[in-house]
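Engineer: give me a 3D structure for the following:
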Amino acid sequence: MRTLVDTSAWVEYLRMTGSATNLRVRDMIETGAPMAITDVVIMELFSGAATSDTRGKIRGLLNRFTMIPIRPLFDYELAAELYVRCRRAGFTPANSNDLLVAAVAIGKKVPLLAADSDFERIAAVSSLRLHAV
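Structural biologist: Numbers count the residues shown, from 1 in each chain. Coordinates of the predicted model:
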């Protein structure tokens with residue numbers, strides 16, 4: 001089964017932080033584990049790339065993985081529903097892009113690998129499955 005990898009996990013990997021998430025992404029790449037990306041993650045990673053060399057490295061890396069595109073109406077509507085569920089549970093997500101990434105993972109029924117605790121809270125109010133580190 002493919003794992004959707006969030007921006008936060010890619011950042012851990014690219015910065016070589018040595019965190020459990022960094023090591024998990026590295027292991028998945030080295031073993032050829034099935035990994036996926038989505039539009040929002042690509043945009044966020046390129047937004048944080050300060051140089052053309054870094055953008056080239058990111059492009060080369062991400063081209064190796066399956067693309068799960070956002071389904072415009074379905075995923076945006078689900079992201080909005082997730083926001084409402086989180087608010088009802090007393091939590092305001094810090095980043096609406098996280099809601100969209102979660103919606104893609106839920107809609108495609110794939111686990112999400114992330115290094116962002118907001119996803120744990122989103123998972124608590126939805127069917128989002130988190131990939132164990």
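Engineer: work out the gap between the helix ranked longest in the chain and the centre of the chain.
Structural biologist: Across the chain, the longest stretch assigned as helix under DSSP state H is helix 72-88. Put simply, helix 72-88 sits 16 Å off its chain's centre (C-alpha atoms, centre = their mean, to the nearest Å).
Engineer: so which bits of that helix are buried?
Structural biologist: Using 16 or more other C-beta atoms under 10 Å as the test for burial, helix 72-88 gives 75, 78-79, 82-83, 85-86. Where C-beta positions appear, they are placed from N, C-alpha and C, glycine not excepted.
Engineer: from the contact counts, what lies against it?
Structural biologist: helix 96-108, helix 118-124 (3 or more C-beta pairs under 8 Å, 6 or more residues apart in numbering; DSSP states H and E).
Engineer: can you redo those helices as CSV with mean pLDDT?
Structural biologist: Shown next, in CSV, are these (pLDDT from 0 to 100):
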stretch, mean pLDDT
helix 96-108, 97
helix 118-124, 96
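Engineer: for stretch 126-133, list the C-alpha coordinates in CSV.
Structural biologist: Extracted C-alpha coordinates of stretch 126-133, given in CSV (Å, rounded to 0.1, in the frame of the first residue of the first chain):
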residue,chain,number,x,y,z
SER,A,126,-11.7,11.5,11.1
SER,A,127,-10.8,8.3,9.4
LEU,A,128,-7.3,9.6,8.6
ARG,A,129,-4.7,6.9,9.1
LEU,A,130,-1.2,7.9,10.1
HIS,A,131,1.8,5.9,9.0
ALA,A,132,3.7,4.6,12.0
VAL,A,133,7.3,6.0,12.3
